[in-house]
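Asks: Quick check, what structure comes out for this input:
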Amino acid sequence: MQLYSFFNSSTSYRVRIALAIKGIAYEYKGVNIRIGEQASPEYLKLNKSKGVPVLIADDEFQLTQSLAVIQYLDDLQPSPLLIPKDPKAKARVLELSNAIACDMHPVNNLKILGYLKNELKITEDQKNAWYQHWVAEGFSAVEALLEKYGEGPYCFGSSPTLADCCLVPQVANALRFNCDLSSFEKVMRVYQHCISQPQFQQAAPKNQPDFSD
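Replies: Numbering: from 1, shown residues only. Next up, the predicted model:
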């Protein structure tokens, strides 16, 4: 199994967490999205949307989009399960996961920030204000979900789920952009618990082959 990844990509980070939790070995293929390697002719053969991650299974099955990849990994190796089978528990996990993956990440990823800066010519301060605004909006919703439905050290209970795979990278990137997350107590409680666990540490950006400051 191969994973095309960038160490600071939150979508790649989600999949790395899932692979680590499941104990699935893979070959790491670094794609430097800071310098545009995702737009190279070779990489476009793997992913026309110019993004990471891309997972290639041992039978040459190829898949993009982090949530689809994690669903595939759950089906491939159900233990431990990251997306519950119980309909209500599954819905809760997907609700929080999509609050991050569909509402927060798309407006703050690298290509959006690059367009704002390079094409619309906004200032660095304006770019940071944009990022911080959508982080605050998104984590306000996530905090409310955890307040109402969350329990245990993880988002939903004593074991990690897809929700934790999504939450940890989003918090990590928000902290990297100097966002003040102190008011999101439940979000940060889950984050701090997760990053103390070996599987999450294994998947962390600083522990990837392509890590750089």
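
Asks: For residue 213, report the pLDDT, please.
Replies: pLDDT, residue 213: 83.

Asks: Can you give me the neighbour number for it?
Replies: 3 (other CB atoms under 10 Å). In this view, the C-beta of every residue, glycine as well, is placed from N, C-alpha and C.

Asks: ok, now how distant is the nearest residue to residue 180 once chain neighbours are set aside from residue 16?
Replies: Once flanking residues are discounted, residue 180 sits nearest to residue 132: 8.0 Å by CB to CB, 6 or more residues apart in numbering. In this view, residue 132 and residue 16 are 26 Å apart by CB to CB, to the nearest Å.

Asks: Tell me which of those two has more neighbours.
Replies: Applying other CB under 10 Å to residue 132 and residue 16 shows that residue 16 carries more neighbours, namely 28 against 16.

Asks: same for the host helix or strand of that one, what does it pack against?
Replies: With secondary structure defined by DSSP states H and E, residue 16 is part of helix 10-22. The elements that helix 10-22 packs onto, with contact taken as 3 or more CB pairs under 8 Å, 6 or more residues apart in numbering; DSSP states H and E, are strand 2-5, helix 66-76, helix 162-176, helix 198-203.

Asks: Tell me which residues are up against the helix or strand just after it.
Replies: Using DSSP H and E, the helix or strand that follows helix 10-22 in sequence is strand 27-30. The contact list for strand 27-30 (CB atoms under 8 Å, 6 or more residues apart in numbering) reads 1, 2, 3, 4, 5, 6, 7, 208, 209, 210.

Asks: Quickly note the distance from residue 62 to residue 118.
Replies: 30 Å.

Asks: Who has more neighbours out of those two?
Replies: residue 62 (14 against 9).

Asks: And that one, how far from residue 47?
Replies: Using CB to CB, residue 62 is found at 9 Å from residue 47.

Asks: intersection of neighbour lists for the two?
Replies: Joint contacts of residue 62 and residue 47 (CB under 8 Å, 6+ apart) are residue 54.

Asks: Quick check: residue 186 is in a helix.
Replies: Yes. Judged by DSSP: H, G, I helix; E, B strand; the rest coil, residue 186 forms part of a helix.
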